[in-house]
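*Asks:* Here is my input, please return the structure:
(2 chains)
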There are 2 protein chains.
Amino acid sequence: MRWARIHQNGSPSYAVVEDDTVIPVRGSPFEAWERTGTRLKLADVKLLVPAIPPTFYAAGMNYPEHVREVAEKVGQQPNLPTRAEIGYRASNALIAHGETIVIPADATEQVQYEGELVVVIGRKCKTRDNAASAILGYTIGNDVSERTWQKADRTMWRSKNTDTFKPMGPWIETDVKLDDLVTRIRLNGEQKIEFATNRMIFGVVDYLVAMTTRLTLYPGDLVWMGTEGATANIKHGDTVEVEISGIGTLTNPVAREGA
Amino acid sequence: MRWARIHQNGSPSYAVVEDDTVIPVRGSPFEAWERTGTRLKLADVKLLVPAIPPTFYAAGMNYPEHVREVAEKVGQQPNLPTRAEIGYRASNALIAHGETIVIPADATEQVQYEGELVVVIGRKCKTRDNAASAILGYTIGNDVSERTWQKADRTMWRSKNTDTFKPMGPWIETDVKLDDLVTRIRLNGEQKIEFATNRMIFGVVDYLVAMTTRLTLYPGDLVWMGTEGATANIKHGDTVEVEISGIGTLTNPVAREGA
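*Replies:* Numbers count the residues shown, from 1 in each chain, chains lettered A, B, ... in the order given. The predicted model follows:
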């Protein structure tokens, strides 16, 4: 099933997506819930970021071609990760499907998309044996990155966590067979890359098992799983789409501040 | 005034601390609030982590002697930061005043305290001109760190964000004159270090001004400001106290898993 988050009677509410309609629920997918009697047209509702994470995790370098691409760009030998070491992103930067990625006026032209599978955690879990069962479902993320800041700074605070740099959505899909998924990234309608979503260096379960040796996962926690291949610049007026088959398509326009 | 967070009628509630009593409120310091008619003895209540952050920020290296100490330990030249570049910690690791720091069974003996001033953000803010006015108050943090993991890993996921590695409390103090504060760290009652809390490389306002050029601060966001000087190992059976004059004392016992 598909879980969206929408505005309903002035506050955020979870809703079940069925074909071209959404049915708001009382409660949430993280606890008890029941359908309300309301049914809205999907086209008429504004989708919100589908989960606000207690902790916002990101795998970073997790696909072989992307590691090689990045190494080539900075003139180093590719250094494939040998352990599943999770990193972090920041909730201030989250925006929903359809919202605008705003490039700061003083950013360079090296602002790039990264299309990623996102794991949504459904329940509290610190048992490595069944970490996989803590997964509620999957959504799609775009790990927008300003490359000159990423190189220059000690942390990724502005390169990856500037407001609006983390588009995520459109919804959470709970019925997913990871091996069947294909990620496609389109810029202004033109496909830039296509890759098998699950061809990761460390898979979803590898990461969750590693993480739960040290930390407790909580309902709503997000784990962004990394991107594959080369990434390209996005600029004012562009539209970026990240499609993952079986989940959906995350679409966001791009604007430059002051342009 | 002092804001504590306590369990009241089965759910977390904010409460005003007055001398040796606490008065639960309806609402919270981040919005409208009013006192309830209840008054409890401070000694009788279990204090909770005083704020659960939407985003958990940390300055990292931000005191000159600490930078020199760390450089010496790893055999490098001290490299003082030249810009206020904020980093991150993870909410899973937060524990309250009085709760136990649990060292994993397979951690080395190089688990160390870091006593830190913590800024608590009170309102949404993305205006660098008055970033300081977004501050609700200050609390105390202990940035517990496993040094061998910190050196070995690509991220600080287990070195600093293992469950229980982020003690914080006991409460939020809103009336603080930063230049008057003194931080003292005691291990089993013996003072290990004393430093002027505000002798930072980049101060609280420097950080907030830099951050709000790129990101929106939200109510409850935390900014841990770093520690000074050398840090020492903590072990099973120890008690660590971080005192900041005018705020209070954060006390936590230490246990090793399986010991």
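*Asks:* now residue A:224: how far from residue A:56?
*Replies:* Using CB to CB, to the nearest Å, one gets 8 Å for the distance from residue A:224 to residue A:56. Bear in mind the C-beta positions are built from the backbone N, C-alpha and C, glycine included.
*Asks:* more crowded one of the two?
*Replies:* residue A:56 (30 against 27; other CB atoms under 10 Å in any protein chain shown).
*Asks:* And the pLDDT for the closest residue to that one other than its chain neighbours?
*Replies:* Computed as CB to CB, 6 or more residues apart in numbering or on different chains, the closest residue to residue A:56 that is not its neighbour in sequence is residue A:89, at 4.7 Å. On pLDDT, residue A:89 comes in at 98.
*Asks:* Could I get the contacting residues of residue A:89?
*Replies:* A:56-58, A:143, A:156, A:160-161, A:166, A:224 (CB atoms under 8 Å, 6 or more residues apart in numbering or on different chains).
*Asks:* For it, grab phi and psi.
*Replies:* phi -130, psi -180 (degrees, to the nearest 10).
*Asks:* Likewise for residue A:33?
*Replies:* Per degrees, to the nearest 10, the residue geometry at residue A:33, taken as phi and psi, is phi -150, psi 160.
*Asks:* Tell me who's in contact with it.
*Replies:* A:14, A:25-27.
*Asks:* any idea which of these is closest to chain B?
*Replies:* Among the contacts of residue A:33, residue A:27 lies closest to chain B (CB to the nearest CB), at 16.7 Å.
*Asks:* any idea how far chain B is from the residue nearest to that closest one when sequence neighbours are not counted?
*Replies:* Leaving aside its sequence neighbours, residue A:27 sits nearest to residue A:33 (CB to CB, 6+ apart; 3.3 Å). As for residue A:33, its distance to chain B is 20 Å (criterion: CB to the nearest CB, to the nearest Å).
*Asks:* Check what pLDDT residue A:33 gets.
*Replies:* Taking residue A:33 on its own, its pLDDT is 97.
*Asks:* now do the one 4 residues further on
*Replies:* Listed pLDDT for residue A:37 reads 94.
*Asks:* In contact with residue A:51, which residues are there?
*Replies:* Residue A:51 touches A:5, A:120, A:139, A:172, A:220, A:222, counting by CB under 8 Å, 6+ apart.
*Asks:* Just those: which are in strands?
*Replies:* A:5, A:120, A:139, A:172, A:222 (DSSP state E).
*Asks:* Can you lay out those residues as a markdown table showing distance to chain B, neighbour count and pLDDT?
*Replies:* Output for the ones in strands among the contacts of residue A:51, formatted as a markdown table (distance: CB to the nearest CB, whole Å; neighbours: other CB atoms under 10 Å in any protein chain shown; pLDDT from 0 to 100):
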| residue | distance to chain B | neighbour count | pLDDT |
| --- | --- | --- | --- |
| A:5 | 16 | 23 | 98 |
| A:120 | 16 | 25 | 98 |
| A:139 | 19 | 29 | 98 |
| A:172 | 20 | 28 | 98 |
| A:222 | 12 | 25 | 98 |
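*Asks:* which one of those is nearest residue B:38?
*Replies:* Set against residue B:38, the nearest of the ones in strands among the contacts of residue A:51 by CB to CB is residue A:5 (35.5 Å).
*Asks:* list the contacts for that closest one?
*Replies:* Residue A:5 neighbours (CB under 8 Å, 6+ apart): A:12-15, A:47-51, A:171.
*Asks:* does residue A:70 count as helix, strand or coil?
*Replies:* Here residue A:70 is helix, with the state taken from DSSP: H, G, I helix; E, B strand; the rest coil.
*Asks:* Excluding chain neighbours, what is closest to it?
*Replies:* According to CB to CB, 6+ apart, the nearest residue to residue A:70 is residue A:61 (7.3 Å).
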